[in-house]
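**Q** need a structure here:
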Amino acid sequence: MGTDNFARISRLRALIDHANTGAGERATAQRMLDRLLRKTGAANTSRAADRVYGERHHRPGRHATTAAIVESVREDISFARTFAPGAPGEVIVHSPLAAAPAELTVAVSTPFADQIVVTIDDIPPQWGWESDEFDRVVATRDLRALADELAEIIDAYNHYGPDVGPRFFRTIRAQQTTLIR
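**A** This is a model prediction of the structure:
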(Lines give C-alpha, C1' and ligand atoms only; values in the text may rest on other atoms or scores of the structure.)
Protein backbone atom coordinates (compact mmCIF):
# COMPACT_ATOMS: atom_id res chain seq x y z
CA MET A 1 0.00 0.00 0.00
CA GLY A 2 1.52 3.29 -1.09
CA THR A 3 2.03 6.34 1.08
CA ASP A 4 -0.71 8.18 -0.81
CA ASN A 5 -3.28 5.49 0.07
CA PHE A 6 -2.09 5.43 3.67
CA ALA A 7 -2.69 9.17 3.97
CA ARG A 8 -6.16 8.87 2.38
CA ILE A 9 -7.10 6.01 4.72
CA SER A 10 -5.86 7.96 7.75
CA ARG A 11 -7.81 11.05 6.73
CA LEU A 12 -10.99 9.08 6.11
CA ARG A 13 -10.72 7.33 9.48
CA ALA A 14 -10.15 10.67 11.20
CA LEU A 15 -13.23 12.10 9.46
CA ILE A 16 -15.35 9.08 10.44
CA ASP A 17 -14.22 9.20 14.08
CA HIS A 18 -14.57 12.97 14.50
CA ALA A 19 -17.46 13.92 16.80
CA ASN A 20 -18.61 16.86 14.64
CA THR A 21 -18.91 14.89 11.40
CA GLY A 22 -22.53 14.73 10.23
CA ALA A 23 -24.28 11.40 9.71
CA GLY A 24 -24.42 11.71 5.91
CA GLU A 25 -20.81 12.78 5.63
CA ARG A 26 -19.75 9.95 7.98
CA ALA A 27 -21.64 7.37 5.90
CA THR A 28 -20.05 8.66 2.69
CA ALA A 29 -16.58 8.60 4.23
CA GLN A 30 -17.19 5.04 5.49
CA ARG A 31 -18.20 3.87 1.99
CA MET A 32 -15.12 5.55 0.51
CA LEU A 33 -12.91 3.91 3.13
CA ASP A 34 -14.45 0.49 2.48
CA ARG A 35 -13.87 0.84 -1.29
CA LEU A 36 -10.29 1.99 -0.76
CA LEU A 37 -9.53 -0.87 1.62
CA ARG A 38 -10.98 -3.42 -0.82
CA LYS A 39 -9.04 -1.86 -3.71
CA THR A 40 -5.72 -1.90 -1.87
CA GLY A 41 -6.25 -5.32 -0.30
CA ALA A 42 -5.90 -3.82 3.16
CA ALA A 43 -9.40 -4.78 4.26
CA ASN A 44 -8.12 -7.89 6.03
CA THR A 45 -5.33 -6.09 7.87
CA SER A 46 -7.63 -3.95 10.02
CA ARG A 47 -6.36 -3.45 13.55
CA ALA A 48 -9.96 -3.30 14.79
CA ALA A 49 -10.08 -7.12 14.86
CA ASP A 50 -8.19 -7.07 18.18
CA ARG A 51 -10.66 -4.70 19.81
CA VAL A 52 -13.13 -5.93 22.38
CA TYR A 53 -16.58 -4.32 22.37
CA GLY A 54 -19.10 -4.58 25.19
CA GLU A 55 -22.34 -6.35 24.42
CA ARG A 56 -24.31 -3.08 24.37
CA HIS A 57 -21.64 -0.94 22.66
CA HIS A 58 -23.81 -0.58 19.55
CA ARG A 59 -26.93 0.56 21.43
CA PRO A 60 -26.21 4.31 21.86
CA GLY A 61 -24.14 4.36 18.67
CA ARG A 62 -20.48 4.31 17.78
CA HIS A 63 -20.07 8.07 18.06
CA ALA A 64 -22.37 8.65 21.03
CA THR A 65 -21.32 11.13 23.67
CA THR A 66 -20.62 10.01 27.21
CA ALA A 67 -23.86 11.76 28.25
CA ALA A 68 -25.83 9.54 25.85
CA ILE A 69 -24.11 6.45 27.25
CA VAL A 70 -24.96 7.61 30.79
CA GLU A 71 -28.65 7.79 29.80
CA SER A 72 -28.50 4.20 28.50
CA VAL A 73 -26.78 3.07 31.71
CA ARG A 74 -29.48 4.80 33.80
CA GLU A 75 -32.19 3.00 31.82
CA ASP A 76 -30.46 -0.36 32.35
CA ILE A 77 -30.12 0.26 36.09
CA SER A 78 -33.76 1.33 36.36
CA PHE A 79 -34.86 -1.80 34.51
CA ALA A 80 -32.68 -4.04 36.69
CA ARG A 81 -34.09 -2.48 39.88
CA THR A 82 -37.65 -3.33 38.80
CA PHE A 83 -36.80 -6.85 37.65
CA ALA A 84 -39.58 -9.22 38.69
CA PRO A 85 -38.93 -12.92 39.25
CA GLY A 86 -40.66 -15.40 36.97
CA ALA A 87 -43.64 -17.59 37.66
CA PRO A 88 -43.48 -20.34 40.29
CA GLY A 89 -41.30 -23.19 39.10
CA GLU A 90 -39.17 -21.04 36.79
CA VAL A 91 -35.46 -20.59 37.33
CA ILE A 92 -34.79 -17.31 39.15
CA VAL A 93 -31.79 -15.25 38.09
CA HIS A 94 -30.23 -13.46 41.04
CA SER A 95 -29.66 -9.76 40.50
CA PRO A 96 -27.93 -7.74 43.24
CA LEU A 97 -29.66 -4.62 41.89
CA ALA A 98 -33.10 -6.18 42.23
CA ALA A 99 -32.23 -7.61 45.66
CA ALA A 100 -30.88 -4.31 47.01
CA PRO A 101 -32.91 -2.49 49.67
CA ALA A 102 -35.57 -0.18 48.25
CA GLU A 103 -34.23 2.92 50.06
CA LEU A 104 -30.85 2.57 48.35
CA THR A 105 -30.26 5.13 45.57
CA VAL A 106 -27.98 4.84 42.56
CA ALA A 107 -26.86 8.00 40.75
CA VAL A 108 -24.95 8.00 37.45
CA SER A 109 -22.99 11.07 36.39
CA THR A 110 -20.27 12.11 34.00
CA PRO A 111 -18.05 14.71 35.65
CA PHE A 112 -15.66 14.65 32.69
CA ALA A 113 -16.13 13.78 29.02
CA ASP A 114 -14.42 10.40 29.38
CA GLN A 115 -15.52 9.29 32.85
CA ILE A 116 -18.69 7.72 34.23
CA VAL A 117 -19.18 7.73 38.00
CA VAL A 118 -21.84 5.67 39.75
CA THR A 119 -22.58 6.64 43.35
CA ILE A 120 -24.57 4.39 45.67
CA ASP A 121 -26.17 6.37 48.52
CA ASP A 122 -28.67 5.83 51.33
CA ILE A 123 -27.14 2.45 52.12
CA PRO A 124 -28.63 0.83 55.23
CA PRO A 125 -25.64 0.36 57.57
CA GLN A 126 -26.47 -3.23 58.48
CA TRP A 127 -26.82 -4.22 54.79
CA GLY A 128 -23.83 -2.45 53.30
CA TRP A 129 -21.14 -2.17 55.92
CA GLU A 130 -19.42 -4.48 58.39
CA SER A 131 -16.29 -4.46 60.56
CA ASP A 132 -13.32 -6.59 59.59
CA GLU A 133 -10.82 -8.26 61.93
CA PHE A 134 -8.94 -4.94 62.33
CA ASP A 135 -12.13 -3.02 63.29
CA ARG A 136 -12.20 -1.21 59.95
CA VAL A 137 -15.55 -0.58 58.30
CA VAL A 138 -15.63 -2.40 54.94
CA ALA A 139 -18.27 -3.14 52.32
CA THR A 140 -20.30 -6.30 52.78
CA ARG A 141 -20.42 -9.06 50.20
CA ASP A 142 -23.85 -7.82 49.06
CA LEU A 143 -22.58 -4.28 48.47
CA ARG A 144 -19.54 -5.56 46.57
CA ALA A 145 -21.80 -7.76 44.43
CA LEU A 146 -23.96 -4.72 43.68
CA ALA A 147 -20.86 -2.74 42.66
CA ASP A 148 -19.72 -5.61 40.41
CA GLU A 149 -23.11 -5.72 38.68
CA LEU A 150 -23.04 -1.95 38.12
CA ALA A 151 -19.53 -2.25 36.66
CA GLU A 152 -20.76 -4.98 34.28
CA ILE A 153 -23.61 -2.76 33.09
CA ILE A 154 -21.23 0.11 32.38
CA ASP A 155 -18.57 -2.08 30.77
CA ALA A 156 -21.17 -3.37 28.31
CA TYR A 157 -20.99 0.05 26.61
CA ASN A 158 -17.18 0.30 26.55
CA HIS A 159 -14.47 -0.89 24.20
CA TYR A 160 -10.74 -1.44 24.44
CA GLY A 161 -7.90 -3.01 22.53
CA PRO A 162 -4.17 -2.87 21.87
CA ASP A 163 -4.54 -0.02 19.37
CA VAL A 164 -7.17 2.03 21.17
CA GLY A 165 -7.81 3.04 24.77
CA PRO A 166 -11.15 2.56 26.46
CA ARG A 167 -14.06 4.68 25.29
CA PHE A 168 -14.46 5.96 28.86
CA PHE A 169 -13.33 5.20 32.41
CA ARG A 170 -15.68 4.17 35.16
CA THR A 171 -15.76 4.50 38.94
CA ILE A 172 -18.20 2.86 41.35
CA ARG A 173 -18.57 4.60 44.73
CA ALA A 174 -20.55 3.72 47.83
CA GLN A 175 -21.13 7.02 49.58
CA GLN A 176 -17.55 8.40 49.93
CA THR A 177 -15.77 5.05 49.42
CA THR A 178 -14.51 4.00 46.00
CA LEU A 179 -15.31 0.31 45.50
CA ILE A 180 -14.26 -0.17 41.85
CA ARG A 181 -12.03 1.97 39.70
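**Q** Direction included, what does the helix or strand of the chain with the lowest mean pLDDT pair up with?
**A** When each helix and strand of the chain is scored by mean pLDDT, DSSP states H and E, strand 52-53 comes last, with a mean of 74. As defined by DSSP bridges, the strand partners of strand 52-53 come to strand 159-160 (antiparallel).
**Q** chain center to the very next helix or strand once past the strand it pairs with, what's the gap?
**A** Using DSSP states H and E, the next helix or strand after strand 159-160 towards the C-terminus is strand 169-174. Offset of strand 169-174 from its chain centre (CA atoms, centre = their mean, to the nearest Å): 12 Å.
**Q** Please list the outside residues in contact with whichever helix or strand comes after strand 169-174.
**A** Sequence order places strand 177-180 as the next helix or strand after strand 169-174, per DSSP H and E. With CB atoms under 8 Å, 6 or more residues apart in numbering as the test, strand 177-180 has contacts from 139, 143, 144, 147, 148, 150, 151, 170, 171, 172, 173. In this view, the C-beta of every residue, glycine as well, is placed from N, C-alpha and C.
**Q** List the buried residues in the top helix by length along the chain.
**A** What stands out as the longest helix in the chain, according to DSSP state H, is helix 23-40. Using 16 or more other CB atoms under 10 Å as the test for burial, helix 23-40 gives 26, 29, 32, 33, 36, 37.
**Q** surely the last one meets residue 8?
**A** When you say that, I think you mean residue 37. No - counting by CB atoms under 8 Å, residue 37 stays clear of residue 8, with 10.4 Å between them.
**Q** pLDDT weak spots in this structure?
**A** Across the chain, the ranges flagged by pLDDT under 70 are 1-3, 40-50, 83-93.
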